[in-house]
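> Pasting a predicted model and its sequence here:
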Amino acid sequence: MKKLALDKVHREMGGRMVPFAGYEMPLQYSGLTDEHIAVRESVGMFDVSHMGEFILRGEKALDLIQKISSNDASKLEVGKVQYSCMPNGKGGIVDDLLIYCLSPNTYMLVVNASNIDKDWAWISSHNEFGVEMEDISDRTCLLAVQGPKAAESLKSLTDIDVEGMKYYTFEKGTFAGVDNVLVSATGYTGSGGFELYFDNEHAEKIWKAVMKAGEANMIKAAGLGARDTLRLEKGFCLYGNDIDDTTSPIEAGLGWITKFTKDFVDSDLLKKQKEEGVSRKLVAFRMIDRGIPRKDYPILDAEGNEIGNVTSGTSSPSLKEGIGMGYVKVDLAKIDQEIYIGIRNKSLKAQIAKMPLV
Amino acid sequence: MNVPAELKYTSDHEWVKIEGDTATVGVTDYAQSELGDIVYVEIETEGEELDKGAVFGTVEAVKTVSDLFMPLSGEVIEVNEGIESEPESVNDSPYEKGWMIKIKMSDPSEADALLSAEQYEAEIA
């Protein structure tokens, strides 16, 4: 089990550490609901250093990325970030990821912690372009400072104009006295904010500086629990739950990051799916009856026939009701459609809802 | 962790308060802390005669769901309606406002097998 650079700090702050993707990660500190609300209403900070970062360098780096990535990375320019996924050659997804254009021939790919080895092997297997690849995951710290008060909380720590930064852009600069910090206007909470990438050795200095700068906005340390409820309220996919090696990006509603402006792994197959339609779709739903959906619970129609399964579910801290996502047969995948969730031998009514739910 | 000396306990992290042939049951301070923010307690066994170890309900935190087990055999004679509308009272007041059911014991001698506060404290240490 790997330890985070900030392991000691998390424990001192009362973080409950749990194993996740090979790391001991903070699940929660003051309490999941408390942390969730802090991010929605003000600001919270997550240590998500378990995420993987690969640097791709070389004249043909873009060619390699275009081959493996469903989105069109030729649209990227220096300072911009793109969300994408890597199709697996069989219509499924190897992983979803962020792609940063660091300089014209240098890119950073940010991948899920549980997939680092698989992704590295997959990308390497397509590297017929002589692209230099470097895995900087183990030495890179990633803090996500999220919420409507994130910019206000961080602006005193850096010359970067955090308040003026557009969503899915980034800048490198000095932050809390540390050079070469990558400040990215991205996140997984849907409440705005920033992700900070830097070398592990600066972890404690930067964490403490942000906690101090955020005091006026009652900043809270937030754990993986709140990260999951925040993303689920916004309908963001979690790899391993809502997308995996068996789900296609078209089924998962990721058509918007699947661009047929170029050839890539599975582009023909996915184009055909997009044109001819798919048999199931990922939807979000809210419970009408009282109950909390959980991963793998069955989704039923009014007659009790199984029409799909829940891929993510929770009690929404913002809505105070059960919410979830899951795949259902395409003819029932309509907004406001009533469905039923099988919860402990009961069939409880739910309704398909537009994403985001909050 | 608060473990009142006058109560009895189970290894499933429930507490039991015995008064005559009635046992009041809830989850311990340790249990509520491990579960996290409790958002739903579902108990639909009122009036049922259940054996020791049977599931009498379910407690759901934001991220987890756990069964509740009968610490003693008997009839579920009362369910705390307060925790239906305020499940957070299980977190805030596990031994008082957050109690869950009352059981009319069918075999009071079963109570002898429950853990003392000291024994329970040793289990969670």
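Looks like it came in fine.

> what about the most centrally placed residue in chain B, distance to residue A:295?
Nearest residue to the geometric centre of chain B (CA atoms, centre = their mean): residue B:26, 2.5 Å. Residue B:26 sits 28 Å away from residue A:295, going by CB to CB, to the nearest Å. Quick note: C-beta positions are derived from backbone N, CA and C, even for glycine.

> cool, and residue A:254?
Noted for residue A:254: a distance of 19 Å to residue A:295, by CB to CB.

> Tell me which of these two has more neighbours.
residue A:254 (23 against 17; other CB atoms under 10 Å in any protein chain shown).

> Verify the stated contact: the more buried one with residue A:86.
No - checked against CB atoms under 8 Å, the pair residue A:254 and residue A:86 is beyond contact range at 11.4 Å.

> Give me the pLDDT value at the closest residue to residue A:37 other than its chain neighbours.
Excluding the flanking residues, the one nearest residue A:37 by CB to CB, 6 or more residues apart in numbering or on different chains is residue A:317, at 6.3 Å. Note for residue A:317: predicted pLDDT of 97.

> residues in contact with residue A:317?
By CB atoms under 8 Å, 6 or more residues apart in numbering or on different chains, residue A:317 lies in contact with A:32-33, A:36-37, A:226, A:229, B:37, B:62.

> Just name the closest of these to residue A:211, please.
The nearest member of the contacts of residue A:317 to residue A:211, counting by CB to CB, is residue A:226 at 16.2 Å.

> Now the residue nearest to residue A:37. Its backbone dihedrals?
Phi and psi for residue A:317, reported as degrees, to the nearest 10, are phi -60, psi -30.

> any idea how far it is from residue B:47?
34 Å.

> Burial check on residue 123, number of neighbours?
Reading this off chain A. Residue A:123: 24 surrounding residues under other CB under 10 Å.

> look at chain B instead
Neighbours around residue B:123, by other CB under 10 Å: 12.

> Would you confirm that it contacts residue B:3?
No - contact criterion CB under 8 Å: residue B:123 and residue B:3 do not qualify, at 10.0 Å.

> did I read that right, residue B:52 in a strand?
No - looking at residue B:52 with DSSP: H, G, I helix; E, B strand; the rest coil, it is coil, so not inside a strand.

> Over to it: give its phi and psi.
Per-residue torsions, residue B:52: phi -50, psi 130 (degrees, to the nearest 10).

> ok, now which ones touch it?
B:70-73, B:110.

> Out of the residues you listed, flag the one nearest to residue A:141.
Distances from residue A:141 to those, taken by CB to CB, are shortest for residue B:71, at 46.7 Å.

> Please report how far that closest one lies from residue B:22.
In terms of CB to CB, residue B:71 sits 13 Å off from residue B:22.

> Which neighbours do these two have in common?
Residues touching both residue B:71 and residue B:22 (CB under 8 Å, 6+ apart): residue B:103.

> which of the two has more neighbours?
With neighbours defined as other CB under 10 Å, residue B:71 and residue B:22 compare such that residue B:71 has more, 27 against 15.

> in a helix, that's where that one is, yeah?
No - under three-state DSSP, residue B:71 sits outside any helix and is assigned coil.

> in the stretch 101-250 of chain A, which spans are strands?
For the stretch 101-250 of chain A, the strands defined by DSSP state E, counting those that start in this stretch occupy A:106-111, A:132-135, A:140-146, A:170-175, A:178-184, A:193-199, A:220-221.

> again with chain B
Using DSSP state E, the strands of chain B run over B:8-9, B:14-19, B:22-27, B:38-42, B:49-50, B:55-61, B:65-69, B:74-79, B:101-105.

> Nearest to chain A among those would be which one?
Evaluated over the strands of chain B, closeness to chain A peaks at strand B:38-42, with 4.2 Å, by CB to the nearest CB.

> hmm, back to that, got any residues that touch both of residue B:123 and residue B:3?
Residues touching both residue B:123 and residue B:3 (CB under 8 Å, 6+ apart): residue B:9.

> Touching, the residue nearest to the centre of chain B and residue B:90? I think so.
Yes - Residue B:26 is within contact range of residue B:90, at 7.4 Å (criterion: CB under 8 Å).

> which residues are common contacts for these two?
Shared contacts of residue B:26 and residue B:90 (CB under 8 Å, 6+ apart): B:98, B:100.

> follow-up on the earlier one: make CSV from the strands of chain B and add mean pLDDT and distance to chain A to it.
Converted to CSV, the strands of chain B look like this (pLDDT from 0 to 100; distance: least, CB to the nearest CB, whole Å):
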stretch, mean pLDDT, distance to chain A
strand B:8-9, 98, 22
strand B:14-19, 97, 19
strand B:22-27, 98, 17
strand B:38-42, 96, 4
strand B:49-50, 98, 16
strand B:55-61, 97, 5
strand B:65-69, 96, 6
strand B:74-79, 98, 15
strand B:101-105, 98, 18
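
> Thanks again, I'm all set now.
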